[in-house]
Structure formats: C-alpha cells, structure tokens
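Engineer: the following block contains a protein sequence and its predicted model.
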Amino acid sequence: MTQFSSLGLIEPLLRAVREQGYETATPIQAQGIPVVLAGRDVLAAAQTGTGKTAGFTLPMLQRLAGGPRATNRVVRALVLTPTRELAAQVHESVEIYGQHLPLKSAVIFGGVSINPQMMRLRGGVDILVATPGRLLDLHSQRAVDLSQVEIFVLDEADRMLDMGFIHDIRRILKLLPQKRQNLLFSATFSDEMRALTKTVLNDPVGIEVAPRNTAAEAVKQTVYLVDKTNKVDILSYLITNGKWEQVLVFTRTKHGANKLTELLERDGITAAAIHGNKSQGARTRALADFKAGEVRVLVATDIAARGIDIDQLPHVVNFELPNVPEDYVHRIGRTGRAGASGEAISLAGPEERAYLRDIEKLLKKKLPVEPVPFFEPGSNRPMVALDDMPRTRQEPRRTGAPQNRGGQRNAQGRAGQNNGQRSGSRSAEGGRGQSGNRAASGDQDNRGNQANAQRRSDGAARPSQPQRSGNSNRPAGGDGSAPLRRRVVRSGT
C-alpha cells in the first residue's frame, strides 16, 4: 500500500488529505500523481470510484502553487467535464484539497445565470472547472481567456463523445496554447476516443489500473428476468422488504424517471428524479436530500447521474438496462467505491435481452441470474425467473372461440388474439385492453361467436366485451400470467 506522504506532495496538500481521513493512496493515485508532478501527459483509465479526481487534482494544485497568480480573465488550468453534477463534484475536490493554498478556482455550467459566472472570472482564476457549452458561451462574450492555460484535463473523456461534445472539444482545443500539459482520465475509453487522444496528447504515459471497461470487483451484480409490467412492484418490494434506505435507480429516459418517481411515492417510498430537464436548483436539492437521507430513492438518467459521488452507497438498481453497454459500468460504479462493498441489481425484461448480452460481452462474463422473491403479502414463494417459465409465446394461435385463460398474457406481455382481434388484458406498454376471460358456458361462447359472425357480416369487426376475470394471486412472470396488482406492497408487509 502506498502512502500519500511518499508521493512527493507538499505539506499543505498532505494536511488537506489527512483532514479528509485519507492516508493510503489508491492504485490510480499512486501511479498517476508522480507522473503528473513530473509534467508528463497522461492517458489514464480506471474504474469509476477509484479516486481519479484526486489523482489529477492533487498534483495539478501542486504544479500551480509555484507559479504566478491568474489575473484579468486568465485561466491557468482547465478541467472539462460532460455534466453539471460532475463539474460541481470536481470543483468541490479542488476546494477541499486546495484549501491551504492561495489559489482561486471557479466552476461554470449551463442551466444557471451566466452573469455571476462572468463576474467570478473577471479577475482570473487558477483552476476553472467547466462544461463545454457554457465555456464557449463565456468565451464568445470575452469573459474568459484560455490562451495561457498550463494544464488541460479532460475528465470522463469517452462520455464527452457519447454526448456529442466532440465538436465543442475541438473548438476549445484551438483556443488553448500549443505548449501545455494534457491529462485524460476516464473509467472507459472507446476506440474513437483513443484515436482523438493521438491528436491531443504528446508522448503520454498510459496508466490502466484495471482491465478496460470492467466493473468494480466489490460490487455484487444480480439480474432478475421479469416482465416489464411488474418492474415497479418488484422494485417497491425490494426496497420496502429489504429495508433499503439509500438506492440509486437508473432509467433510460427523463419521462421514465418522472413516472417511476411518482409510482414509488404512491407506494409510500420517498423518491426524487434527477435528469436534464430539471433545473439546476432542483437537481442540486434532490442530490443534497438524497445524500442527507431525506430522500430514500434517487431516480436518475445516465447523463444526470454522472458525477454523483456518495460514500458507502449500498444499492444501485438498473430499472431499465442501458442500450450502451459501457453505461452499465458507469452506473454500477456509483456503488462499491474506493474498495467498499455494494450491490447492483438489474431488472431485465424480454425486450432487453439483447442489451444484457451486449453488457456480458463487454464484461467478458455472464451475470448471475436469480429468481425474484415473490412479493405478494403473506407469501414466501419464489417467483420463477422468466427463462424457467413455459415458453407459451411459441405456441401457435388457435382459431375459433377464445380460450378461457382468465386474462392471461404471453411472454411478451401482450394479450392473446382471436382472428386478429385483441383480448382485454393490459398490454406490455401499460395500455388498457377491452376484456378479460370469457364465461365458461358453452352457450355463452356460442352466442359470442354468433354475435361476432353477425358483426363481421355487417362490416363491423368489433369484438364483444365480456366481464373481466382472472386470479390476482398468481405470481407474475413470463409464463403468460396476469401482472400483479399495483401497490400490493406496503411498509411492514
């Protein structure tokens, strides 16, 4: 184990590190700090949560401490991040580790008033942490001078490309001086990003403390194969019966995050959503409440969650699997940070199997699939994983009168069909159907067939609407059974 005191850091920085309770450096810090102090360019890849931020912040502060202070809109060190949350987190680290040094820093990003940021930059700053769009806006208004940047840091470099910032990055690079130190730190590096680094870095030192695109070993990963319509009930059950007090949940879309938050609140679980459509004030409050324990569940999209750094976060849930497999690594990296243990659970529907295969291909291993605990009150029966259920969706449709299936659905959550007509169970997308099962009487079936035939002959192909029935006590799954009723979970069940 490498001690910070052996890495060549000056006393003000060592004091700040000790005040945060750190004595031993992580592998990325132990390898990266001496190289950055030597003035070399760095291309570093490490798992998220392993201390990359301190790995470039500490040596950057030391190199700047010995030079002249910035004046007149000048920036001496520039750190680019893809999201507001990550920018705020990096700036917080700069302030914490640099508290005993006479250096000025600032953070700028969109979503808030630009005027206070312009005032902050007027006298110049030694370290500026910024998102690309707002930085270019300030430069166009002559509020910031990048011609004297000594150190340039690109944090979460691969995510910059994913979010379409490549053109902004190239514009910013043209504003920087040719002679500078370049540091690229990220959890993953795409092949496209590695091609870009060849035009940015000068004889870089490569640091890779873990295999490329791997997940933290301390994170227990579990996959539940479930039906889409049961995901909310399963999540509520896991949180309530597992007595989880701090859970970060990922969705693919902003609308999905809002909807899931509302459903969890209806189940008596305090939740808040964080995504790009939220104002910066709302995002900051939601994150602060989550860290303080006032909000039990934080529902986030991939972009908004980048930069969420919470010590000892125990649970991460993929309510929807990401369609970009590298995002899975970033998501579950929110837990198990700095060697701590954590749990990552993924709820995978039938339509997400391709995403699951892509993730396993990236990780080069199969993720463990477990049966979901049955969550009907008073029952301890296990709910069988979808792959273990009978594959009724492969059965050919029968013609003639519909069978008495009690509103059952096939493995894709779609109601059975009779001669092209929809039956009445709820669809996989949450839409309301027309009917459940039909009465068992043969006379009623015959009357229904005659009525349908009569309507077809009259040119109206609308099915009759018999009464809904079905067994609400059946376990949910991919066997064609009906979905569990909403909000069956209550505290203490």
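Structural biologist: Perfect, I can see it now.
Engineer: now the helices for the stretch 101-250 of the chain?
Structural biologist: When assigned using DSSP state H, counting those that start in this stretch, the helices of the stretch 101-250 of the chain occupy the ranges 115-121, 132-140, 157-162, 166-175, 191-200, 231-241.
Engineer: need the ones you listed in CSV (columns: mean pLDDT and distance to residue 98).
Structural biologist: Using the backbone N, CA and C atoms, a C-beta is placed for each residue, glycine as well. Below are the helices of the stretch 101-250 of the chain laid out as CSV (pLDDT from 0 to 100; distance: least, C-beta to C-beta, whole Å):
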stretch, mean pLDDT, distance to residue 98
helix 115-121, 95, 16
helix 132-140, 96, 21
helix 157-162, 78, 23
helix 166-175, 93, 23
helix 191-200, 79, 25
helix 231-241, 91, 39
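Engineer: possible to save those as CSV with mean neighbour count?
Structural biologist: Compiled in CSV, the helices of the stretch 101-250 of the chain are given as follows (neighbours: other C-beta atoms under 10 Å):
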stretch, mean neighbour count
helix 115-121, 15
helix 132-140, 18
helix 157-162, 23
helix 166-175, 14
helix 191-200, 14
helix 231-241, 21
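Engineer: now for the ones you listed, which one comes closest to residue 334?
Structural biologist: helix 157-162 (14.0 Å; C-beta to C-beta).
Engineer: which non-adjacent residue is nearest residue 159?
Structural biologist: Nearest non-adjacent residue to residue 159, counting by C-beta to C-beta, 6 or more residues apart in numbering: residue 82, 4.5 Å away.
Engineer: might one say that the one you found is in contact with residue 166?
Structural biologist: No. Taking contacts as C-beta atoms under 8 Å, residue 82 lies outside contact range of residue 166: 11.4 Å.
Engineer: joint contacts of those two?
Structural biologist: Here residue 82 and residue 166 have residue 160 as joint contacts, going by C-beta atoms under 8 Å, 6 or more residues apart in numbering.
Engineer: re the thing from before, measure the residue nearest to residue 159 to residue 67 for me?
Structural biologist: To residue 67, residue 82 is 28 Å away according to C-beta to C-beta, to the nearest Å.
Engineer: neighbour-wise, which of the two wins?
Structural biologist: Neighbour tally, residue 82 and residue 67, criterion other C-beta atoms under 10 Å: the higher count belongs to residue 82, 24 against 11.
Engineer: what pLDDT does that one get?
Structural biologist: At residue 82, the model reports a pLDDT of 87.
Engineer: doesn't it fall inside a helix?
Structural biologist: No. Secondary structure of residue 82 (DSSP: H, G, I helix; E, B strand; the rest coil): coil, not part of a helix.
Engineer: mean confidence for stretch 3-16?
Structural biologist: pLDDT averaged over stretch 3-16 gives 95.
Engineer: actually stretch 342-361, sorry about that
Structural biologist: Stretch 342-361 shows a mean pLDDT of 92.
Engineer: then stretch 203-211?
Structural biologist: 81.
Engineer: which outside residues touch it?
Structural biologist: The contact list for stretch 203-211, computed with C-beta under 8 Å, 6+ apart, reads 26-28, 31-32, 35, 40-47, 50, 182, 184, 197.
Engineer: buried residues of that stretch, list them for me.
Structural biologist: Of the residues in stretch 203-211, 204-205, 207, 209-210 count as buried by neighbour count, 16 or more other C-beta atoms under 10 Å.
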